[in-house]
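My questions concern the predicted model and sequence given below.
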Amino acid sequence: MAPKTKTNREPISNPNGMFAGMVMFLVEHGVQRRRLEIWKQKLVQMGATIADRLSKKVSRVFAANKDALLRQVGREHMERFKGNVLQYQWLEDCLRLGDKISEDLYILTFDLEEQDRPGKTSEIFRQPSK
């Protein structure tokens with residue numbers, strides 16, 4: 001029996017999609033592998049580009065939490081990163097609502113001043129006040 005030919009499993013990208021023009025890096029720690037695969041497929045289908053590593057082209061980084069982010073990316077890279085670092089919940093909510101929503105409530109900020117103060121070494125990311 002002849003082997004089956006593999007079909008191209010790359011999702012088709014929509015250049016006018018909800019996430020068009022965004023270059024995203026997804027932190028794998030703290031997220032189920034299958035869920036990460038589904039998010040990547042949906043992001044590409046909606047116009048985003050997924051980066052394999054953090055670079056200057058990346059506009060957004062997604063992480064489950066600050067510990068997962070620092071574990072995979074490291075403090076030095078985050079100090080130089082100029083884009084937004086968001087919780088995966090932003091992506092979930094955008095997909096659920098079918099529209100790109102404000103990132104303000106989902107931003108994980110990297111606060112070096114908090115890190116340097118005595119007694120504040122464990123809190124690197126500060127959640128925005130509501």
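Structure received.

measure Glu46 to Leu95 for me?
Not quite, residue 46 is Met, not Glu. To Leu95, Met46 is 9 Å away according to C-beta to C-beta, to the nearest Å. No exception for glycine: its C-beta is placed from N, CA and C like everyone else's.

next one: Met24
Look at Met24 and Leu95: by C-beta to C-beta, they are 13 Å apart.

Settle it for me: which of those two has more neighbours?
Using other C-beta atoms under 10 Å, the more surrounded residue of Met24 and Leu95 is Met24, with 21 against 16.

That one pairs with what?
Assessed by DSSP bridges, Met24 has beta-bridge partners Ile50, Arg60.

Next, count neighbours for the residue lying closest to Leu86 once chain neighbours are set aside.
Closest residue to Leu86 apart from its sequence neighbours, by C-beta to C-beta, 6 or more residues apart in numbering: Tyr106 at 4.8 Å. The tally of other residues near Tyr106 (other C-beta under 10 Å) stands at 21.
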